[in-house]
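> show me how the following folds:
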Amino acid sequence: MPCAGKALFVSAGSAAVGAVLGTSTVTIYGAESATGISEGGKTGMTACVTGLLFLLTLVLSPVFLMIPSIATAPALVMVGIFMIEPLRGLALNEVSIALPVFMTVAIMPFTYNIAYGILFGLIGYSVGQIAAGKARQMTKTVWVLTAVFIIYLVLDIML
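Numbering: from 1, shown residues only. Coordinates of the predicted model:
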């Protein structure tokens, strides 16, 4: 997306500041910034309005907490459907693509953790590329991340 560099830089900066403050940085993506830009929010006013609305939710949160979770479940199902819709454009007839997509989509809800979905998706991507004989096409970054993620999983299981 043209001119998305500034938004992605701000998103990365907010992830770094959020990490220092103790928030989960894995849920902060450039996708939110890019989506805001693609919908016309280029001046920063959308971020200001969003911030003000979040401040408003502090006051209204007791009212929102009165809504039972059973009432919000259909909305979450619709969000899930909307999130899966872009998968139609992927070449899922190739196992080297379908494996990491499936692992990412399946692991997230079962572990309640976006980070594990990304972790298993990248490992699945590496396994799929190796199995398809495309290991030479993988970048050094993917190799390093795959090794780090495997070490993380081994240490997570052992400890």
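> can you list the low-confidence ranges for the protein?
The chain contains residues with pLDDT under 70 at 1-8, 24-35, 37.
> quick check: domain ranges of it?
If you go by automatic domain parsing, the domain ranges for the chain are 1-66, 68-159.
> how about JSON lines for those domains, with mean neighbour count added?
Where you see a C-beta, it was placed from the backbone N, CA and C, and this is true even at glycine. As requested, those are exported to JSON lines (neighbours: other C-beta atoms under 10 Å):
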{"stretch": "domain 1-66", "mean neighbour count": "12"}
{"stretch": "domain 68-159", "mean neighbour count": "13"}
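> state which helix of this protein is the longest.
Longest helix in the chain by number of residues (criterion: DSSP state H): helix 45-65.
> got the CA positions of it in CSV?
Written as CSV, here are the backbone C-alpha positions of helix 45-65 (Å, rounded to 0.1, in the frame of the first residue of the first chain):
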residue,chain,number,x,y,z
MET,A,45,-8.2,12.3,13.0
THR,A,46,-9.5,8.7,12.9
ALA,A,47,-7.0,7.8,15.6
CYS,A,48,-8.1,10.8,17.7
VAL,A,49,-11.7,9.8,17.4
THR,A,50,-10.9,6.2,18.2
GLY,A,51,-9.0,7.3,21.3
LEU,A,52,-11.9,9.5,22.5
LEU,A,53,-14.3,6.6,22.0
PHE,A,54,-12.0,4.4,24.0
LEU,A,55,-12.1,7.0,26.8
LEU,A,56,-15.9,6.9,26.6
THR,A,57,-15.9,3.1,27.0
LEU,A,58,-14.2,3.6,30.4
VAL,A,59,-17.3,5.4,31.6
LEU,A,60,-19.7,3.1,29.9
SER,A,61,-17.9,-0.2,30.6
PRO,A,62,-20.2,-1.1,33.5
VAL,A,63,-23.2,-0.9,31.2
PHE,A,64,-21.4,-3.0,28.6
LEU,A,65,-20.5,-5.6,31.2
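> next SSE after that helix?
The helix or strand immediately downstream of helix 45-65 is helix 69-84, counting by DSSP states H and E.
> so what's the gap between the helix or strand that comes right after that following helix and the chain middle?
Using DSSP H and E, the next helix or strand after helix 69-84 towards the C-terminus is helix 95-111. The chain centroid and the centroid of helix 95-111 are separated by 13 Å under C-alpha atoms, centre = their mean, to the nearest Å.
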